[in-house]
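**Q** 3D model of this:
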Amino acid sequence: MTENSGSFKRGLDSGPDIERTMFFSDAVFAIAMTLLAVDIKAPDVPAGELGRAVLEQRPEFFAYALSFAVAGAYWLSHHRLFRLLKGFTGGLQRLNLLLLFFVALLAYATDMLALQDNTSLGVVIYAAALGLIGSVNTLMWSYCRRRGLFRDDVNPDLLRYARVRAPVTPAVFLLSIPIALLSPAAAELSWLSILVINLGLRFWGRRRRSAGADA
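**A** Here you go, the predicted model:
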């Protein structure tokens, strides 16, 4: 009876249909990314003061643009992951829900950066939120590889490349937390290394593909 119950549970918690998970995840990402702009209010000032008032909103627009770009990159990674899968398990679903839990906090974290970017706590909260989203995303890639959830026709080089690239963004955000305790501005500057590292990895990936084609 216990063995049958375990078999039934596995049958309910796993299967080949991943479309509902993708649709639900896409909806959460879309709502979270839309909410980033909700708190940016048009200045209610006389016409002569409008330019100055808009300039004073620079931290809000910076936080919005940064969050939208990083969330977009995480969504692209999530989208690519599910396109390569042949099915799901209960463990993957739980990891996906954990990812969406942190994604839903993105608007709060962005407000903290916009309004408290000169404080250590504001930058730490933002870096932690973005780092946790990326960390769970990386765990999902690793979990799918260990559980053999990728389709048989997926190029192993692609999975190796993803395994190297996925941890970059969360690692930079999480490593910036101790920097933020000393200097919030320096922590924000350290986030630029995400672009540098990813560009380097992209160049490395192209060199590997070219070398493989010439071999």
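**Q** Show the low-confidence segments of the protein, by residue range.
**A** Counting by pLDDT under 70, the chain shows low-confidence ranges at 1-15, 205, 207-215.
**Q** Okay, helices next: where are they in it?
**A** 2-13, 19-35, 50-55, 58-83, 90-103, 106-116, 120-146, 156-165, 168-182, 184-190, 193-214 (DSSP state H).
**Q** Turn those helices into a markdown table, including distance to Ala42 and mean neighbour count.
**A** C-beta here means a position set from N, CA and C on the backbone, and glycine is covered the same way. Listed next are the helices of the chain as a markdown table, based on distance: least, C-beta to C-beta, whole Å; neighbours: other C-beta atoms under 10 Å:
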| stretch | distance to Ala42 | mean neighbour count |
| --- | --- | --- |
| helix 2-13 | 47 | 10 |
| helix 19-35 | 17 | 15 |
| helix 50-55 | 9 | 12 |
| helix 58-83 | 12 | 17 |
| helix 90-103 | 27 | 18 |
| helix 106-116 | 15 | 21 |
| helix 120-146 | 24 | 21 |
| helix 156-165 | 38 | 14 |
| helix 168-182 | 30 | 18 |
| helix 184-190 | 26 | 17 |
| helix 193-214 | 31 | 12 |
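**Q** right, and these - which one's nearest Lys41?
**A** Among those, the nearest to Lys41 by C-beta to C-beta is helix 58-83 (8.9 Å).
**Q** Put together JSON lines for the helices of the chain, with distance to Asp44 on each row.
**A** Shown next, in JSON lines, are the helices of the chain (distance: least, C-beta to C-beta, whole Å):
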{"stretch": "helix 2-13", "distance to Asp44": "52"}
{"stretch": "helix 19-35", "distance to Asp44": "21"}
{"stretch": "helix 50-55", "distance to Asp44": "9"}
{"stretch": "helix 58-83", "distance to Asp44": "15"}
{"stretch": "helix 90-103", "distance to Asp44": "31"}
{"stretch": "helix 106-116", "distance to Asp44": "18"}
{"stretch": "helix 120-146", "distance to Asp44": "25"}
{"stretch": "helix 156-165", "distance to Asp44": "44"}
{"stretch": "helix 168-182", "distance to Asp44": "33"}
{"stretch": "helix 184-190", "distance to Asp44": "29"}
{"stretch": "helix 193-214", "distance to Asp44": "36"}
